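> Got a predicted model here, sequence first, then my questions.
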Amino acid sequence: MSQAYARDTVETFSIDAALKSEPGKVGDDVALYFAGQRHPSVAKTMGEFATNKKTNAFGKSDEAACQRVFLSAVLELQERARKEGGNAVINIKSNYKGELHESATDFTCGAGAVVAGVALKGDVVTLRK
């Protein structure tokens, strides 16, 4: 990649705002619990899974690009939970370039001139009903 496009600003954005940025996009069949959020007790753990998503940021604000790629990462975690037979992803944290950021309210996103990236980690589980 050319040095001319080397801007890589790491910012944090609101999880809630990102989840609401595209209503109906995130399924409600797989519950999402971010780091520190209380959840029902775990019946079964399928393991920790990670995502690393990128999106074209060209012509978008950092926030818009980061929200879009965050949703993409969340959808990937939900898909993994469905595949593993889980009904929730708990302890979700940002893991941008190996920097763990644990928060129930915001996520970390790397925004460049052309690409925005979000990496998330979470535990796929079955919660007791």
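Yep, it's here. Please read all numbers here as calculations on a predicted model, not as lab measurements.

> What residues of the one helix or strand K83 maps to count as buried?
Following DSSP states H and E, one finds K83 within helix 62-84. Neighbour counts over helix 62-84 (16 or more other C-beta atoms under 10 Å) mark 62-78, 80-81, 84 as buried. Every residue, glycine included, has its C-beta placed from N, CA and C.

> Show me the contact partners of it.
The contact list for helix 62-84, computed with C-beta atoms under 8 Å, 6 or more residues apart in numbering, reads 9, 11, 13, 15, 17-19, 21-22, 25-27, 29-30, 32, 46-47, 49, 51-57, 60, 87-89, 92, 107, 109, 111, 116-120, 122, 124.

> Run the chain-centre distance for the lengthiest strand in the chain.
Using DSSP state E, we find that the single longest strand of the chain is strand 42-56. The gap between the average C-alpha position of strand 42-56 and the chain average comes to 9 Å, counting by C-alpha atoms, centre = their mean, to the nearest Å.

> who are the neighbours of that strand, in terms of helices and strands?
Applying 3 or more C-beta pairs under 8 Å, 6 or more residues apart in numbering; DSSP states H and E, one finds that strand 42-56 makes contact with helix 62-84, strand 88-96, strand 115-127.

> Nearest approach to E102 belongs to which of these?
strand 88-96 (4.6 Å; C-beta to C-beta).

> what angle sits between the closest one and helix 62-84?
Strand 88-96 and helix 62-84 are oriented at 140 degrees to each other (axes from the mean of the first three to the mean of the last three C-alpha atoms, to 10 degrees).

> Strand 88-96 pairs with which strands?
Next to strand 88-96 in the sheet, as set by DSSP bridges, lie strand 31-34 (parallel), strand 99-101 (antiparallel), strand 115-127 (antiparallel).

> so which of those is the most packed in?
strand 115-127 (a mean of 23; mean count of other C-beta atoms under 10 Å).

> Run through the bridge partners of the residue lying closest to I92 once chain neighbours are set aside.
In space, and not counting its chain neighbours, I92 is closest to G122: 3.8 Å by C-beta to C-beta, 6 or more residues apart in numbering. On the basis of DSSP bridges, G122 is bridged to F49.
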